[in-house]
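In: Sequence and computational prediction follow.
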Amino acid sequence: MSDHVFGGEYHSTFKGRGMTFSEVRQYQFGDDVRNIDWNVTARYNEPFVKVFEEERELTMMLMVDVSGSEFFGTEQQFKNEVVTEIAATLAFSATQNNDKIGLILFSDKVELYIPPKKGRSHVLRIIRELIEFQPESKQTNVAEALKFLSNVMKKKAIVFIL
């Protein structure tokens, strides 16, 4: 399922010109004048610009409510099973784009924090925790979890609250 989450070509949400040099191409109307490569321009007597590739590394945090309400649902599926399925799909999608994934399980306090890392084994650990975790409390406090997140995360992150 995670293979088809991004239907079209994936574009970065970060603005910028990138860090890695890619190529030199002819100047086109609308290009930034600051990107002109003056050495190549002098050699060919025509304006050329440097093109840079942007390295994109996002951090995704999954914040999952593990309070007593997760054991609510229908005869076929409880809420915790649906949440685990959604979280697994998001985590595998992030892995395909080489992004970091972290997890916060919370009730009225933060029950478990797994810092963001890359890799398939890390995603499998997150899924295992989602399936097997037994919370200590049945209450919910989202504000406390968000406060914890803002203290722990120093860089930008995409946060999913499930």
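Out: Okay, I see it. Numbers count the residues shown, from 1 in each chain.
In: Check the secondary structure at K147 for me.
Out: Classification of K147 by DSSP: H, G, I helix; E, B strand; the rest coil places it in helix.
In: so what's R125 up against?
Out: By C-beta atoms under 8 Å, 6 or more residues apart in numbering, the contact list for R125 reads I114. Glycine gets a C-beta too; all of them are placed from N, C-alpha and C.
In: Could I get the pLDDT score of it?
Out: Per-residue pLDDT puts R125 at 94.
In: Am I right that it sits in a helix?
Out: Yes. Counting by three-state DSSP, R125 is part of a helix.
In: V49 versus that one, what's the distance?
Out: R125 sits 45 Å away from V49 when distances are taken as C-beta to C-beta, to the nearest Å.
In: What does the residue of the chain most remote from its centre show for phi and psi?
Out: Each residue of the chain has a distance to the centre, and by C-alpha atoms, centre = their mean the biggest one is for N45: 44.3 Å. Main-chain torsions, N45, degrees, to the nearest 10: phi 60, psi 30.
In: Would you mind measuring from it to E70?
Out: N45 is 68 Å from E70, by C-beta to C-beta.
In: Skip the chain neighbours and tell me the closest residue to A88.
Out: The shortest distance from A88 to any residue other than its chain neighbours is 5.1 Å, reached at I127 (C-beta to C-beta, 6 or more residues apart in numbering).
In: Look up how far Q139 lies from the one you found.
Out: I127 is 25 Å from Q139, by C-beta to C-beta.
In: if you count what's nearby, which of the two comes out ahead?
Out: Neighbours were counted for I127 and for Q139 using other C-beta atoms under 10 Å; I127 has more, 17 against 11.
In: Please enumerate the helices of the protein.
Out: 38-44, 79-96, 120-132, 142-152 (DSSP state H).
In: got the angle for the third one vs helix 79-96?
Out: Meaning helix 120-132. Relative orientation of helix 120-132 versus helix 79-96 (axes from the mean of the first three to the mean of the last three C-alpha atoms, to 10 degrees): 170 degrees.
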